[in-house]
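Visitor: Pasted the sequence and its predicted model underneath.
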Amino acid sequence: MEGRYINIIIPGRTEYLTLCEVEVDGTLSGKSCPILLVCSGLNEHIMETNVARLGQVSQSSKYGNAKPENAIDGNRASNFNQGSCACTNNNLNPWWRLDLLKTYKINTVTITNRQDCCPERINGAEIRIGNSLNDNGNANPRCAVISSIAPGASQTFACNGMEGRYINIIIPGRTEYLTLCEVEVDETNVARLGQVSQSSTYGNAKPENAIDGNRASNYNQGSCACTNNNLNPWWRLDLLKTYKINTVTITNRQDCCPERINGAEIRIGNSLNDNGNANPRCAVISSIAAGASQTFACNGMEGRYINIIIPGRTEYLTLCEVEVDGTLSGKSCPILLVCSGLNEHIMGFGVLLITLMLIFATFQRLMSLHKHRYSWENRIPDTL
Ligand SMILES: [Ca+2]
Ligand SMILES: [Ca+2]
C-alpha cells in the first residue's frame, strides 16, 4: 500500500489509544525499479545506511529553486527540470556542504550527476571531510577529486573511514555552476550486527564494549573489552551470516600499555575449530599507537566469524573498538548496479524486459541446436 500518512485509529468508541512503538517497513514510492526489488529481496544488507539524509545542508549560492536540500531528498532524478538537483550560481569556487551534526566514519560518498546538460561541470570537484568550518569546511582533508561522472550516472567514491561531521563538495579555482542531483553518504559497520564473546573477561570489560560504536580509548571510560592475563587470549565476533570483509579497524587502548596488542592476529572464516582462531589470517598487528584506530585490509575474505587472538603469549587482550566493513556474501546482485544506475521505473522495466528476451532467445537457440543435432543423428543411418 502506498501512502505518506499512516494512521491508527479506534473508530466509533470512546477509548484511550496507547501505542508503545510503531515500526514501519517500507520503501520510498516512485523510485522503485522492478529488478531492484528482486535484488533487494535477496539481500537486505546491500542497501547500506545513507546517513546524508540525517544532516543539514547549505551551499555557496542558490541558482533559482535548486536548493541544497535537493541533493539529499533521497531521489537521484537527474533531469534538472525534475526539481531534485541542488545548484549554485556561476561563481568562483562554488561549494555545497552537508552537516551530519555529529562525527561519522565515512566509507563512501555517492554523487549523482546531472543528465540533461553539461555533465562536465562536475569535473575537478573535490570531496572534503572533516570537523573544521575553516573556509566553510572546504579546508578539511580531501577524500577524492572527481575527474568526471557520466551524465545522469551515480559514482561512488571510497573515503576509507575518514572521520568528520562536515562533507563538502567544492569546485576549486574555477568559476562554475556546482550541480548535485544526489549525494549519498554511507557509514557501514557490520560489526554492530553481530554477537561477541572472548576467552575470559577482566572485571566489567565485557566483549560487547568493542562493538558499542564508541572508540573511547581510556580504559576508565568503560568502552573497551578486555580479557584476563591468559595464554592465547582471544575475542570473537559472530556476524551470524557469511560476509565478504573489506576492512577491520581496531582501536587500541590509550591510557596504558598499548604494546599489549602487538602480535595479535585477525582471523576470518566460517569454522569454529579452536574457537574460530584456526580460520585464515587477514593480518598480524605489529603495533597500534596508544589510542589510535588502525584499519586492516582483508580484501574480501569471507567468513561469519572474525577473531582477534594473541597467539603464543600470556597477555591481556584489550580492544576499545572493532569496526568491520563488509557486505553479505553470495548475494551480490550485478543487476542491482545496472538498475540503481538507471533508477527510473521505465528504464528498470526495460532492463527487465531485455534480460527476459535474452534468456528466451538463448533458450530458443539451445532448443533449435538440440533439435538439429537430434534429427541429424537420426538421419545418418537412413542416408548411409
Ligand atoms: Ca535529489
Ligand atoms: Ca568501544
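Guide: Everything's here; your move. Ligands and ions are numbered 1, 2, ... in the order given.

Visitor: Pop out the phi and psi values for residue 300.
Guide: phi 80, psi 20 (degrees, to the nearest 10).

Visitor: Then the one 3 residues further on?
Guide: The main-chain torsion angles of residue 303 are listed as degrees, to the nearest 10 and equal phi 180, psi 160.

Visitor: For it, list the residues it contacts.
Guide: 239, 242, 243, 245, 268, 269, 270, 279, 280 (Cβ atoms under 8 Å, 6 or more residues apart in numbering). Every residue, glycine included, has its C-beta placed from N, CA and C.

Visitor: For the first one, which non-adjacent residue is spatially closest?
Guide: Yep, that's residue 239 we're talking about. Of all residues not flanking residue 239 in the chain, residue 194 sits nearest, at 4.5 Å (Cβ to Cβ, 6 or more residues apart in numbering).

Visitor: For the one you found, what are phi and psi?
Guide: phi -100, psi -180.

Visitor: Check the spacing between it and ligand 1 real quick.
Guide: Per Cβ to the ion, to the nearest Å, residue 194 is found 33 Å from ligand 1.

Visitor: just residue 213 next, same as before
Guide: Using Cβ to the ion, residue 213 is found at 29 Å from ligand 1.

Visitor: So that residue sits against residue 192, correct?
Guide: Yes - here residue 213 reaches residue 192: they are 6.1 Å apart, a contact under Cβ atoms under 8 Å.

Visitor: quick one: which of those two has more around it?
Guide: Between residue 213 and residue 192, residue 192 has the larger neighbour count (other Cβ atoms under 10 Å), namely 14 against 11.

Visitor: Let me see the contact set for that one.
Guide: By Cβ under 8 Å, 6+ apart, the neighbours of residue 192 are 211, 213.

Visitor: just residue 84 next, same as before
Guide: 70, 73, 75, 76, 77, 78, 181, 182.

Visitor: Stretch 143-150: which residues count as buried?
Guide: Residues 143, 144, 146, 149 are the ones in stretch 143-150 that count as buried (16 or more other Cβ atoms under 10 Å).

Visitor: Identify, from those, the entry nearest to residue 4.
Guide: Set against residue 4, the nearest of the buried residues of stretch 143-150 by Cβ to Cβ is residue 149 (31.4 Å).
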